[in-house]
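>>> Quick one, fold the following:
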Amino acid sequence: MSDSISRLYHAAVACRHDDPSMSRTARLLRSGRSKMAKKLAEEAVEVVIDAMHGDRGAVIKESADLIYNLVVLWIAAGIRPEDVWKEMDRRERLLGIAEKVPKKKILDDSSRRKIVVLEGRRTHKRR
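Residues are numbered from 1 along each chain as shown. Purely as a prediction, here's the structure:
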């Protein structure tokens, strides 16, 4: 799978300077990050809806669209697939293959704000 995504990434990078009227990837890369993010969100929603309806074939097709749009957004953000694989490897070593990094919510008595602790970093959230 990671090889397929890496090939997709390199193919999309190669399309970056193509004519946008001839290349969907070039057009998407020129549209700006918010447009790319919106398209990614739309594809994710389509996957969810098809999954809820039990349409296996549609979930497969929409998942491919979702991965494509994610890779295009990575390119715009300067992220390489290897960057994501390294993070996944780190999480696997830390938590196991299927786990997300846990977020612990605690209440900061001095400010009465919730504090989210992510692996030793603190970020404040408004209540």
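
>>> Please count neighbours and contacts with C-alpha atoms only from this point.
Fine.

>>> What are the boundaries of the strands in the chain?
104-108, 113-118, 121-125 (DSSP state E).

>>> in the longest helix seen in the chain, what's buried?
Longest helix in the chain by number of residues (criterion: DSSP state H): helix 56-77. Buried positions in helix 56-77, judged by neighbour count with 16 or more other Cα atoms under 10 Å: 58-59, 62-63, 65-76.

>>> helices or strands up against it?
Here helix 56-77 touches helix 2-14, helix 24-30, helix 33-52, going by 3 or more Cα pairs under 8 Å, 6 or more residues apart in numbering; DSSP states H and E.

>>> between those, which gets nearest to residue 93?
Closest approach to residue 93 among these is made by helix 2-14 (18.2 Å; Cα to Cα).

>>> Neighbours of residue 31, how many?
Neighbours of residue 31 under the rule other Cα atoms under 10 Å: 12.

>>> Distance of it relative to residue 82?
Distance of residue 31 to residue 82, computed by Cα to Cα, to the nearest Å: 25 Å.

>>> can you list the domain ranges for the chain.
The chain is divided into the following domains under automatic domain parsing: 2-93, 98-125.

>>> rank these by pLDDT, which is bottom?
Lowest mean pLDDT within those: domain 98-125, a mean of 52.

>>> which residue packs closest to the spatially most central residue of the chain, ignoring adjacent ones?
Taking Cα atoms, centre = their mean, the centroid of the chain lies closest to residue 70, which sits 5.3 Å from it. Nearest in space to residue 70, with sequence neighbours left out and distances taken as Cα to Cα, 6 or more residues apart in numbering, is residue 40 at 6.2 Å.

>>> That's all I had, so thanks and see you.
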